[in-house]
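Trainee: For reference, the sequence and a predicted model appear below.
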Amino acid sequence: MRYLPHTEDSIATMLESVGAKTLDDLFSHLPGDCVMKGPLNLPAAMNEWELNRHMDALASTMCAMPDCTAFLGAGCYEHYVPTVVSNLLGRSEFLTAYTPYQPEVSQGTLQGIYEYQTLVCRLLGMEVANASMYDGASALAEAVLMAFRITRKRKVALSRAVHPLYRDVVKTYLTPLGFEIVEIPFGEDGRTDLAAIQNTSDLAAVAVQSPNFFGCVEDLTGISGHAHRNGALSVVSFTEPIAYGLLKNPGSQGADIVCGEGRSLGLTQSFGGVSLGMFAAKMDYARSMPGRLVGKTVDKNGRRGFVITLSTREQHIRREKATSNICSNQSLCALGAAMYMACLGRTGLRDLARINYNKAQYFRELLNKAGFETRFESPVFNEFVVRAPRSFEQAYNRLAERKIVAGLPLAEYYPELEGCYLMCVTETKTKDDIDGFVKEVKACLNR
Amino acid sequence: MPESIGTTGLIFNEPLLWEKSSRGRCGFSLPANDTGDYPVDPGLAGEAPDMPELSECDVVRHYTRLSQWNFGVDSGMYPLGSCTMKYNPKLNERQANLPGFTGAHPLLPPGLSQGLLRLMYDMERFLAEINGMDAVSLQPAAGAHGELTGVMLINACHKSRGEHRTKFIVPDTAHGTNPASIALCGFKPVALASGEKGILTPESVKAIMDEDVAGIMVTNPNTLGLFEENIREIAEIVHAKGGQVYCDGANLNALMGIVRMGEIGVDVMHVNLHKTFSSPHGGGGPGSGPVCVKKHLEPFLPVPRIEKNGDAYAFSYDHPRSVGKLHAFYGNVGVIIRAYSYILSMGPENLRKASQLAVLNANYLKENLRGIFHLPYDRPCMHECVFSDRKQEKNGVSTLDIAKRLIDYGFHPPTIYFPLVVKGALMIEPTETESKETLDAFVEICTVIAREAEENPELLHEAPTRSKVRRLDEVFAARNLCLKG
């Protein structure tokens, strides 16, 4: 086995050195009734060629560009990943390092994360960002827990226009501790309707998402104002950070904690599995934040360097009193996001956001002409909700058979939106792609 | 100074990203804005974010230089105890980066995602087999996330029986995340000291186990590298009072094909795919911490579960007793693919061999370093061994000094000052992918360092001298907080 460097000779010498006759003897101090009898029932080892063939076969069944076209967003967006990012991120010095516990030999990771924290703050308009969380959903759950810690209250108002799967995760985190969630409904325009919580008191936080699950841009200034007037914190989450290339950032609109999913910043979709929980807050709350922080310092010779800092909040020091139990985070993904932001720069991010915005407006117009009704008349970023013509469900399935995914049916998440679909388009689709898709849809509808 | 594998190398200075920025540069190829411009509500539009502006070559040099300041497993031996920094096969990178996997949206209809559904279904079966458990969820995104999930399962199970237990037992040889995970589930951790032999005694568990205790969180092998030999008896004591046994499986690398937790009394455990199953750790993640359970805890596993009907695979959400979701989608799928690829490359015989050799390497280091460093628990160890700085202390040399001096000789230091039960601990985990020659070189360098500690302790206090930066001032960083530029 090529991953195991030991020769028979070295095994023999080493066994002698430790006073054992066979490899099995190394376990002779284990109680007999703890040692398993017989071999593991697993597939026999595959050689490189067999494994490649097997994995190629599995991968070929997956719907992915270019053989397959999906107009899906809902928290995971198809954005172009520059070759530079995947190439640099694949450098084994980044890839095969552990958590930077020894800063003198981890300055690459540490400076990279310090830069990431800085870029996140600039993107979101915040004062402090951590080194990452697992994903947008767990970041939101931790943001709500942080609001409980800061305010010492036990109730959070959570908009129904927040990604439904994120709300599920928040609920999971809150259930064992007995915290209460008050749901805020959305209005006819698809935006959070604060009227329902006008008389709700004792809130730790008002938590929304913008652009929200329906792609609608929320009035964050109004929401933050409401939260602050009621002694609550304003928590803003997001699933599409590219939007802030164009839209006002949450920090400039009064948000206290901003968290979300950073996958759009140069990471692949990977079935939802290379995620990046972004997490930022006002400086006043730095000591209440979950997760790792990298700070600037000097070395023995006075040169600039970086270390993990404020560890006294963390589980390995504060144990059960820690701000969170997170240890391994999504460090490499954070580094990738920083690389991506560095490639785009100020104008690149602006222009890219503008293109995404434009394409969604164009796509929505075209669908409207094809008989799809705009469900929410609000400004949207790169996704939006439409009510489909009656015969669309069959067309949807026919299109799926041809590897075209015509948006996400919403009834499963919102029963009142039966017949509605969440459609998404990004810079990866050309005008021709959009035109061609709408033509296909029309043809399917007319059959 | 003797010849070593480390030199100062080709190391460049490199400013921060924004210190290199020049207005008007862009390192990204923008697609055409072919659908025209639509008006944006001026009340919503903001300023362009203040991002640094760099060319592609600027970005490439920046990160290439940064990367050269990092020590990775591909650079050399990385004996961080309890972290299992084994070699990460390149073949697994190819598999995780197949376009069919990286380009897949998580909300695809099942008919368009059979490959990954099948891979994840089989991966659950593999992990169940390796650990002797009945069911698995791949959702937790890291070890601590798996711990949290596991404790939530125990919590939900007790509640479903109408029981309200308040305490959870945590031995002093447990990992640092354990008490925090317990607190997140509303339990109060109760500390338990290990016995003289460095393992738990049934008597000590019996003394604190009562009907208020929800369970015990055992790390096995523990953080002293010792197998918890009384685990069966301890499990019986805990079970007799209605509690459950959680095993932190971070140290599974010692046990593949040798011990199955599900057969020795453990009810639930998590495994770290990025450790035992050789996924690269990325400087702190992404990891993956699947949780494995016995039958009685299966109804509480996170949703979605993966189901197989005939030859078709699908996610199922209809599990009313489930604790819910812990990740927006299905966990760190990229890491799961790498671990799956590793298991298939190894097969059952080589997985067992890997554990045997990991244990051989640790015992070999223990025997060869025992004259150099103080060995507080002189017992057969599993995949790691723990020393202390007691012998060097008299010369004013600490564990930290030894660790920093190792850097000068081209080795990553071991885990230091952990576990807490050993004062000045040096926790060494060589893993099975280090050859005898590398281990011998490590021993030789440790011998040299021990001699330096006797003859010229100042060399150690000054270390590292050959790294890009010298000892960094952590106190300054915490007092003069600067978290962004």
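Mentor: Perfect, I can see it now.
Trainee: Find the nearest non-adjacent residue to A:T69, please.
Mentor: Excluding its sequence neighbours, the residue lying closest to A:T69 (C-beta to C-beta, 6 or more residues apart in numbering or on different chains) is A:I404, at 5.0 Å. Bear in mind the C-beta positions are built from the backbone N, C-alpha and C, glycine included.
Trainee: try B:A128
Mentor: Using C-beta to C-beta, 6+ apart, the nearest residue to B:A128 is B:V136, at 5.3 Å.
Trainee: Output the below-cut-off pLDDT ranges for the stretch 251-400 of chain B.
Mentor: Low-confidence segments of the stretch 251-400 of chain B, defined by pLDDT under 70: none present.
Trainee: And the strands in it, which stretches?
Mentor: With DSSP state E, counting those that start in this stretch as the criterion, the stretch 251-400 of chain B has strands at B:268-271, B:291-293, B:305-309, B:312-316, B:385-388.
Trainee: From chain A, how far out is B:Y246?
Mentor: According to C-beta to the nearest C-beta, to the nearest Å, B:Y246 and chain A sit 14 Å apart.
Trainee: Beyond the helix or strand hosting A:L145, next helix or strand please.
Mentor: Following DSSP states H and E, one finds A:L145 within helix A:136-151. Sequence-wise, the next helix or strand downstream of helix A:136-151 (DSSP H and E) is strand A:155-159.
Trainee: Can you spell out which helices and strands pack onto that next one?
Mentor: helix A:136-151, helix A:164-174, strand A:180-184, strand A:205-209 (3 or more C-beta pairs under 8 Å, 6 or more residues apart in numbering or on different chains; DSSP states H and E).
Trainee: Averaged pLDDT, that strand. What do you get?
Mentor: Strand A:155-159 comes out with an average pLDDT of 98.
Trainee: looking at the helices and strands packed on strand A:155-159, which is buried most?
Mentor: Most buried of the helices and strands packed on strand A:155-159, by mean neighbour count (mean count of other C-beta atoms under 10 Å in any protein chain shown): strand A:205-209, with a mean of 28.
Trainee: Give the pairing partners of that one; include direction for each.
Mentor: Neighbouring strands of strand A:205-209 in its sheet, by DSSP bridges, are strand A:155-159 (parallel), strand A:233-238 (parallel).
Trainee: Any chance you could list what contacts it?
Mentor: A:140, A:143-144, A:147-148, A:151, A:156-159, A:161-163, A:166, A:170, A:184, A:192, A:194, A:197, A:218, A:220, A:223-224, A:226-227, A:230, A:232-239, A:256-257, A:260 (C-beta atoms under 8 Å, 6 or more residues apart in numbering or on different chains).
Trainee: ok, B:P430 - contacts?
Mentor: Neighbouring residues of B:P430 by C-beta under 8 Å, 6+ apart: B:77, B:79, B:358, B:361-362, B:364-365, B:384, B:439, B:442.
Trainee: If we use 7 Å, what do you get?
Mentor: For B:P430, the contacting residues are B:79, B:361-362, B:365, B:439, by C-beta atoms under 7 Å, 6 or more residues apart in numbering or on different chains.
Trainee: That one and A:L335, how far apart?
Mentor: 28 Å (C-beta to C-beta, to the nearest Å).
Trainee: What mean pLDDT does the helix holding A:L145 get?
Mentor: 98.
Trainee: chain center to it, what's the gap?
Mentor: Relative to its chain's centre, helix A:136-151 lies at 15 Å (C-alpha atoms, centre = their mean, to the nearest Å).
Trainee: Which elements pack onto that helix?
Mentor: helix A:164-174, strand A:205-209, strand A:233-238, strand A:257-261, strand A:277-281 (3 or more C-beta pairs under 7 Å, 6 or more residues apart in numbering or on different chains; DSSP states H and E).
Trainee: Would you format those as CSV with mean pLDDT included?
Mentor: Below are the helices and strands packed on helix A:136-151 laid out as CSV (pLDDT from 0 to 100):
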stretch, mean pLDDT
helix A:164-174, 98
strand A:205-209, 98
strand A:233-238, 98
strand A:257-261, 98
strand A:277-281, 98
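Trainee: What is the neighbour count of B:E429?
Mentor: The number of residues packed near B:E429 is 31, by other C-beta atoms under 10 Å in any protein chain shown.
Trainee: Hmm, it is touching B:S82, no?
Mentor: Yes. With contacts counted by C-beta atoms under 7 Å, B:E429 reaches B:S82, the gap being 6.5 Å.
Trainee: okay, and the common contacts of the two?
Mentor: Here B:E429 and B:S82 have B:E384 as joint contacts, going by C-beta under 7 Å, 6+ apart.
Trainee: ok so, going back, dump the residue contacts of the residue nearest to A:T69.
Mentor: Neighbouring residues of A:I404 by C-beta under 7 Å, 6+ apart: A:69, A:437, A:440.
Trainee: helix or strand for the second one, which one?
Mentor: Under the criterion DSSP H and E, the helix or strand holding A:F437 is helix A:431-446.
Trainee: B:S29: what secondary structure?
Mentor: coil (DSSP: H, G, I helix; E, B strand; the rest coil).
Trainee: now it: how far from A:T69?
Mentor: Relative to A:T69, B:S29 is positioned 22 Å away (C-beta to C-beta).
Trainee: returning to that earlier point: Throw the contacts of B:P430 into JSON lines and include distance to B:S22, thanks.
Mentor: Listed next are the contacts of B:P430 as JSON lines, based on distance: C-beta to C-beta, whole Å:
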{"residue": "B:P79", "distance to B:S22": "43"}
{"residue": "B:N361", "distance to B:S22": "51"}
{"residue": "B:A362", "distance to B:S22": "52"}
{"residue": "B:L365", "distance to B:S22": "51"}
{"residue": "B:L439", "distance to B:S22": "49"}
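Trainee: quick one: which of these is nearest to A:R387?
Mentor: Among the contacts of B:P430, B:P79 lies closest to A:R387 (C-beta to C-beta), at 60.8 Å.
Trainee: tally of neighbours for the closest one?
Mentor: 28.
Trainee: which residue ranges form the helices in the chain?
Mentor: Here I'm looking at chain A. Taking DSSP state H, the helices of chain A run over residues A:8-18, A:48-60, A:83-89, A:92-95, A:107-124, A:136-151, A:164-174, A:220-229, A:315-318, A:331-369, A:392-401, A:431-446.
Trainee: could you do chain B instead?
Mentor: Secondary structure of chain B, counting by DSSP H: helices at B:56-67, B:90-96, B:99-102, B:114-131, B:143-160, B:177-184, B:202-208, B:231-240, B:333-369, B:390-393, B:399-408, B:436-455, B:457-462, B:474-479.
Trainee: Leaving out sequence neighbours, find the closest residue to the residue sitting nearest the centre point of chain A.
Mentor: Nearest to the mean C-alpha position of chain A, by C-alpha atoms, centre = their mean, lies A:E261 at 2.9 Å. What sits nearest to A:E261 in space, not counting adjacent residues and going by C-beta to C-beta, 6+ apart, is A:G136, at 2.9 Å.
Trainee: about what we covered before: compare the contacts of B:P430 and tell me which is most surrounded.
Mentor: Among the contacts of B:P430, B:A362 has the most neighbours (other C-beta under 10 Å), with 30 neighbours.
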